[in-house]
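# This is the structure alone, sequence omitted:
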């Protein structure tokens, strides 16, 4: 398998972490989706990473779709529960973490791609409100548990860790560590895993 992506994307990192936890072999193809020579549109018509190219040449895209598929390939390091309620809870954690990052990325694009006089403070404030609401919800849902779902590491923790890691990387001014020490505690625990150490955003 080949994974087209970048070293800074939190969604690509999520897939890479799952690959490592599942002990799956793949080749990482680095791509800049903003560059004129980007290769990902050849496989993903949306021009987004991550994009997984399978052995038969078929392409799979969207990180949530990819990680769900990868979890079925081997029983090693099972990350998504099979029971419907627990499965839905894990996927809700993933949606929450991804959604907070989605909003933060929109802010970053607004600030970096638009001239300052064309930027919308109201738009930025609205998206940052989603980021802070997402962090608050994640902290509330985590409580004092060692992992999102209790005592077991799951895809929920992968998504949470990738989201927090990217926010620390791109938005250090948010300061979620001080505001939500329980998130910082679980993030530090997750970050000790080789899958996270080897995929630090760059």
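Sure thing, it's come through. Predicted model, so just to flag it, every value in this text is computed and none were measured.

# from here on, contacts and neighbour counts on C-alpha atoms
Noted.

# check contacts around the spatially closest residue to residue 154 that is not a sequence neighbour.
Once flanking residues are discounted, residue 154 sits nearest to residue 79: 4.4 Å by C-alpha to C-alpha, 6 or more residues apart in numbering. Neighbouring residues of residue 79 by C-alpha atoms under 8 Å, 6 or more residues apart in numbering: 71, 153, 154, 155.

# Those residues into a markdown table, with extra columns for secondary structure, distance to residue 18 and neighbour count?
Formatted as a markdown table, the contacts of residue 79 follow (DSSP: H, G, I helix; E, B strand; the rest coil; distance: C-alpha to C-alpha, whole Å; neighbours: other C-alpha atoms under 10 Å):
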| residue | secondary structure | distance to residue 18 | neighbour count |
| --- | --- | --- | --- |
| 71 | coil | 8 | 20 |
| 153 | coil | 12 | 17 |
| 154 | coil | 10 | 19 |
| 155 | helix | 8 | 27 |
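
# of all the residues you listed, which two lie farthest apart?
Within these, 71 and 153 form the most distant pair, 13.4 Å apart (C-alpha to C-alpha).

# Quick check: phi and psi on the residue nearest to residue 154?
With angles defined as degrees, to the nearest 10, residue 79 sits at phi -110, psi -20.

# now for whichever strand or helix holds residue 68, which elements pack on it?
Secondary structure from DSSP states H and E places residue 68 in helix 63-70. The contact analysis (3 or more C-alpha pairs under 8 Å, 6 or more residues apart in numbering; DSSP states H and E) places helix 63-70 against helix 10-22.
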